[in-house]
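Q: Give me coordinates for this.
(one chain, ligands or ions: 1)
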Amino acid sequence: MSGSEYLFDTGSPQGQEHVTGLESILDAKTVEFLGVAGIEPGQRCLELGAGSGSIARRMAERTGAAGTVVAVDLDTGHLVERPGLDVHRHDINDGLPVPGPFDVIHARLVLVHLPRREQIFEMLVDALAPGGWLVLGDCYRLPQPITAPGEADEEVFRKVWRIASEIVGPAAGQDFGWAHRAYRRMAAAGLDELYAEDFSETAAGDGPHGRISAALVRQAEAPLLAAGCTPDELARFHELLRDPGMRYWFFGIVYTRGRKPR
Ligand SMILES: C[S@@+](CC[C@H](N)C(=O)[O-])C[C@H]1O[C@@H](n2cnc3c(N)ncnc32)[C@H](O)[C@@H]1O
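A: As a prediction, this is how the structure comes out:
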């Protein structure tokens, strides 16, 4: 077992808030982007880092009883076994829990976290069936303030995310450059029908964006404090996430897909 360096804990209450929040803001976009892969009854798919399991369940509705969706996560507490859904509590650093080939492999906000992403990417490409699709979504930019309620607030908001993106995240193996490399890596790996899209939206006040942000920062509180955030700054940061006067760009995410030649 190589040991995961994943900074968050999907099984914790904050981790649950994180993955169910992602589901609520990203699934519509993901389903649209995955649509081109045209998942069909009887196919075999892999959902890596399945989180709340919502995309794995949607895939399983398409593959039906004759197909299989292999759902893999370090924590599978959100994943309920049902016909056609094959759930594996597994560290992907240790390889695939079951061999390919797969008609569709999807991983959203997973490779950005994995220090061994290059090797895992190659493993995923190898596991594609001829004509199979690899669909990845990863973040490249953390939230950025647009307007803040008070003069010092914009700097507090900026500072917490700067320390997260420049110190805490990289120390845990996160790489925010990967999202834009994925297209080039797919091209170099011989995939075709390549296409990528940038998804970014604004947020303010109470809502899933603020709840995801709060859940992330609470899970990373100890390393954020150790890296230079003060307790007062973190307390103000959490107030700002609920304040309608705090308007910001949420995470920037690039979705990329490519297809293995037949
Ligand atoms: C940011 S969450 C994204 C969850 C889901 N894909 C989504 O977009 O809603 C990352 C997920 O990857 C899982 N994960 C992280 N490292 C992993 C590893 N080494 N092997 C398997 N799963 C991993 C986490 O437990 C978590 O559920």
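Q: need the contact list for the spatially closest residue to T10 that is not a sequence neighbour.
A: Spatial nearest neighbour of T10, excluding adjacent residues (Cβ to Cβ, 6 or more residues apart in numbering): D75 at 4.0 Å. Every residue, glycine included, has its C-beta placed from N, CA and C. Residues counted as contacts of D75 (Cβ atoms under 8 Å, 6 or more residues apart in numbering) are D9, T10, G11, G15, R89.
Q: okay, E155: pLDDT?
A: E155 is assigned a pLDDT of 97 by the prediction.
Q: P101 versus the spatially most central residue of the chain, what's the distance?
A: Closest to where the C-alpha atoms of the chain average out (Cα atoms, centre = their mean) is L109, at 1.5 Å. Using Cβ to Cβ, to the nearest Å, L109 is found at 24 Å from P101.
Q: and what of P83?
A: 21 Å.
Q: With neighbour numbers in mind, choose between the two.
A: P101 (15 against 10; other Cβ atoms under 10 Å).
Q: excluding its backbone neighbours, what's nearest the more buried one?
A: Per Cβ to Cβ, 6+ apart, closest to P101 is A129, 3.6 Å.
Q: And what about the one you found, helix, strand or coil?
A: strand (DSSP: H, G, I helix; E, B strand; the rest coil).
Q: OK, contacts around it?
A: R44, G100, P101, F102, D103, K260.
Q: Mind telling me what element D103 is part of?
A: Assigned by DSSP states H and E, D103 belongs to strand 102-108.
Q: Count the neighbours of the closest residue to G131 other than its chain neighbours for me.
A: Excluding the flanking residues, the one nearest G131 by Cβ to Cβ, 6+ apart is R262, at 4.5 Å. R262: 7 surrounding residues under other Cβ under 10 Å.
Q: And R262, what's its pLDDT?
A: At R262, pLDDT is 95.
Q: gap between it and M186?
A: From R262 to M186 the distance is 16 Å (Cβ to Cβ).
Q: Check L194 too.
A: Counting by Cβ to Cβ - L194 and M186 are separated by 6 Å.
Q: tell me the SS of D138?
A: strand.
Q: what does the chain put close to the ligand?
A: 4, 6, 10, 19, 22-23, 49, 51-52, 72-75, 91-93, 108-110, 113-114 (Cβ under 6 Å from any ligand atom).
Q: hang on, the earlier thing: put together CSV for the contacts of D75, with pLDDT, neighbour count and distance to P170 on each row.
A: Converted to CSV, those look like this (pLDDT from 0 to 100; neighbours: other Cβ atoms under 10 Å; distance: Cβ to Cβ, whole Å):
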residue, pLDDT, neighbour count, distance to P170
D9, 89, 14, 19
T10, 91, 21, 21
G11, 89, 13, 24
G15, 93, 21, 21
R89, 96, 13, 27
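Q: For R158, state which of those is nearest.
A: G15 (25.2 Å; Cβ to Cβ).
Q: How about the closest one: what's its closest non-neighbour residue?
A: Distances taken as Cβ to Cβ, 6+ apart put D9 closest to G15, at 4.6 Å, once the chain neighbours are dropped.
Q: who touches that neighbour in this structure?
A: Residues near D9 by Cβ under 8 Å, 6+ apart: G15, D75, Q219.
Q: A37 now?
A: A37 neighbours (Cβ under 8 Å, 6+ apart): D103, V104, W133, V135, R257.
Q: Now restrict the residues you listed to buried residues only.
A: D103, V104, W133, V135, R257 (16 or more other Cβ atoms under 10 Å).
Q: Go ahead and name everything in contact with the longest helix anywhere in the chain.
A: Taking DSSP state H as the criterion, the chain has its longest helix at helix 13-35. Residues external to helix 13-35 that are found in contact with it (Cβ under 8 Å, 6+ apart): 8-10, 51-52, 54-55, 58-59, 75, 78, 104, 106, 108-109, 135, 137, 197, 199, 201, 208-209, 211-212, 214-216, 218-219, 250, 253, 255, 257.
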